[in-house]
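Q: quick one, fold the following:
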Amino acid sequence: MAGALAQAGQYEQAVTVARSITDPHLYMQAEALAAVAGALAQAGQDEQAVTVARSITDPYYQSHALVAVAEALAARGDTRQARHVASAACAVGRWTTVVGLVFSLEPSAVRVLTESPR
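A: The predicted model follows:
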């Protein structure tokens, strides 16, 4: 429901619905907030998207939401801000969540990882 509201541009309602979700492990709420953050980023609501993503308490879901925001920023050509958000995602979650995005933003990173020490 929250994702559908966000896709329809009803962002405040989407966040309210997502936060109202209660479950013992909070993953359903985290997934809903991540969907809202992604929709906000795709709509160009970058600050709001990052705020919603950072409000997710589970590091796994928070990092995935931040990656979605960074990918939307990169798709619009804002690579500077995309790198900033990607580094936040890396700081909160596993680096493997962000590696694909990092390689697309900074192709030289592949060379650094594959070069053997001499």
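
Q: below-threshold pLDDT in this structure: ranges please.
A: Applying pLDDT under 70 to the chain flags residues 24-26, 96, 107-118.

Q: residue 49: which element?
A: If you go by DSSP states H and E, residue 49 is part of helix 46-54.

Q: what packs against that helix?
A: helix 27-42, helix 59-75, helix 79-92 (3 or more Cβ pairs under 8 Å, 6 or more residues apart in numbering; DSSP states H and E). C-betas here are computed from N, CA, C, even on glycine.

Q: show me what contacts the spatially closest residue to residue 45 that is not a sequence neighbour?
A: Using Cβ to Cβ, 6 or more residues apart in numbering and skipping residues adjacent in sequence, the residue nearest residue 45 is residue 11, 6.7 Å away. Counting by Cβ atoms under 8 Å, 6 or more residues apart in numbering, residue 11 makes contact with 5, 36, 39, 40, 43, 45, 48.

Q: ditto for residue 85
A: If you count contacts by Cβ under 8 Å, 6+ apart, residue 85 has them with 50, 66, 69, 70, 73.

Q: just give me the neighbour total for the third one.
A: With neighbours defined by other Cβ atoms under 10 Å, the count for residue 69 comes to 31.
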